[in-house]
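Participant: From the sequence below, what's the structure:
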Amino acid sequence: MEELILKKILENLEDHKKVALVTLTDVGGSTPRDTGSLMLVWENGETYGSIGGGKVEYFVTGEAVEALKHDADRNFEHSLTPDGDLKMQCGGTVKGFIKIFRPNEKIVIAGGGHVGEKVLEVAKFLGFNCEVIDDREDYLNKPSLQKADKIMVGFYKDIVKNASIDENTYVVITTKSHITDLEFVKEVLKTKARYIGAIGSRKKQIFLRETLLKDGFSGEDIKRIYGPVGIDISNQMPEEIAVSIMAEILMVKNEGTPEHRKLEDSVVDSIIQKHLK
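Facilitator: As a prediction, this is how the structure comes out:
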């Protein structure tokens with residue numbers, strides 16, 4: 001059973017899905033299962049394996065679903081006595097741990113040109129799972145894109161419909177044309193992508209949003225787009241643009257700010273004054 005549990009965890013991570021592993025770490029008295037019993041739980045409440053069934057498993061499954069929703073590991077402890085929290089007759093106690101297995105955050109890069117290939121390079125260095133989409137057949141074997149976990153070639157609007165894009169996915173749009181950029185944005189706005197970044201000038205970004213509104217997208221939809229993409233720290237070199245894009249993605253991922261963390265001048269002045277005394 002342990003081998004099958006581990007196999008299912010790996011399969012889910014490869015499919016970019018979270019799963020919770022429930023382990024009984026300590027049991028006392030009369031309990032349905034022994035220490036070390038394992039069970040997997042998914043966000044929809046589906047389970048695999050067992051920690052004893054019945055009331056214990058029902059409550060712990062609920063706790064695991066909550067842990068998945070909050071993306072946080074947790075301990076649990078339940079008393080299986082008439083006076084305990086579960087009001088049972090078994091007479092024992094169970095303790096356990098719920099471990100959340102999370103896939104690496106994923107970046108989907110639409111366009112494997114000069115900027116896209118550099119975004120891939122930086123993103124892989126930072127540990128992201130990376131997928132590259134392009135409409136040029138020869139890009140399937142482009143040397144600079146081979147670090148990608150997956151390369152998909154075809155029409156952008158068709159590929160994105162079949163791509164697995166969820167709330168843990170960051171999308172960077174750097175195609176070779178404003179037409180394909182628009183096609184891709186339209187489809188990505190229908191997903192739960194956490195970040196949608198589109199390269200291009202302010203003029204292009206205004207055109208993009210005006211077109212989207214005409215095509216029926218809402219004001220809230222177009223506000224999801226980060227564009228022009230990236231933090232304002234780069235020159236026009238693809239390498240620096242890629243760093244600025246990934247800086248913005250990290251800011252969103254870690255709920256940070258673009259502010260400096262250096263000590264304020266007032267604090268430094270007080271240090272200087274103290275030193276001069």
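
Participant: T191 - that's part of a strand, no?
Facilitator: No - with DSSP: H, G, I helix; E, B strand; the rest coil as the criterion, T191 is assigned coil and is not in a strand.

Participant: Tell me if I'm right that it and I165 touch.
Facilitator: Yes - assessed by CB atoms under 8 Å, T191 is found in contact with I165 at 4.2 Å. Any C-beta I mention is one placed from the backbone N, CA and C, and that applies to glycine too.

Participant: Which of those two has more residues huddled nearby?
Facilitator: A side-by-side neighbour count of T191 and I165, using other CB atoms under 10 Å, places I165 first with 23 against 18.

Participant: quick one: contacts for the more buried one?
Facilitator: Taking CB atoms under 8 Å, 6 or more residues apart in numbering, we find I165 in contact with 108, 171, 188, 191-193.

Participant: Now with 7 Å, please.
Facilitator: Counting by CB atoms under 7 Å, 6 or more residues apart in numbering, I165 touches 108, 171, 188, 191, 193.

Participant: Using PDB, list the CA coordinates for the one helix or strand E3 maps to.
Facilitator: Element membership of E3, judged by DSSP states H and E, is helix 2-14. Extracted C-alpha coordinates of helix 2-14, given in PDB (Å, rounded to 0.1, in the frame of the first residue of the first chain):
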ATOM      1  CA  GLU A   2       2.800   2.400   0.900                       C
ATOM      2  CA  GLU A   3       4.300   2.000  -2.600                       C
ATOM      3  CA  LEU A   4       0.900   2.700  -4.300                       C
ATOM      4  CA  ILE A   5       0.400   5.800  -2.000                       C
ATOM      5  CA  LEU A   6       3.800   7.200  -3.100                       C
ATOM      6  CA  LYS A   7       3.100   6.500  -6.700                       C
ATOM      7  CA  LYS A   8      -0.200   8.400  -6.500                       C
ATOM      8  CA  ILE A   9       1.500  11.300  -4.900                       C
ATOM      9  CA  LEU A  10       4.000  11.500  -7.700                       C
ATOM     10  CA  GLU A  11       1.300  11.200 -10.300                       C
ATOM     11  CA  ASN A  12      -0.600  14.100  -8.800                       C
ATOM     12  CA  LEU A  13       2.400  16.300  -8.600                       C
ATOM     13  CA  GLU A  14       3.200  15.500 -12.300                       C
END
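
Participant: Averaged pLDDT, it. What do you get?
Facilitator: Here helix 2-14 scores 91 as its mean pLDDT.

Participant: With stretch 244-261 instead?
Facilitator: 92.

Participant: just how off-centre is that stretch within its chain?
Facilitator: The gap between where stretch 244-261 is centred and where its chain is centred comes out at 15 Å by CA atoms, centre = their mean, to the nearest Å.

Participant: how long is that stretch end to end?
Facilitator: Distance across stretch 244-261, first residue to last, is 17 Å (CA to CA, to the nearest Å).

Participant: again, but for stretch 173-180
Facilitator: 9 Å.

Participant: ok, now stretch 218-234?
Facilitator: 31 Å.

Participant: Residues contacting that stretch, please?
Facilitator: Outside stretch 218-234, the residues that touch it by CB under 7 Å, 6+ apart are 172, 185, 189, 195-202, 205, 208-209, 212-213, 240-241, 243-245, 247-248, 258.

Participant: Ok, stretch 131-150 next?
Facilitator: 106, 108-112, 116-117, 120-121, 124, 129-130, 151-156, 159-160, 163, 180.

Participant: Sounds good, over and out.
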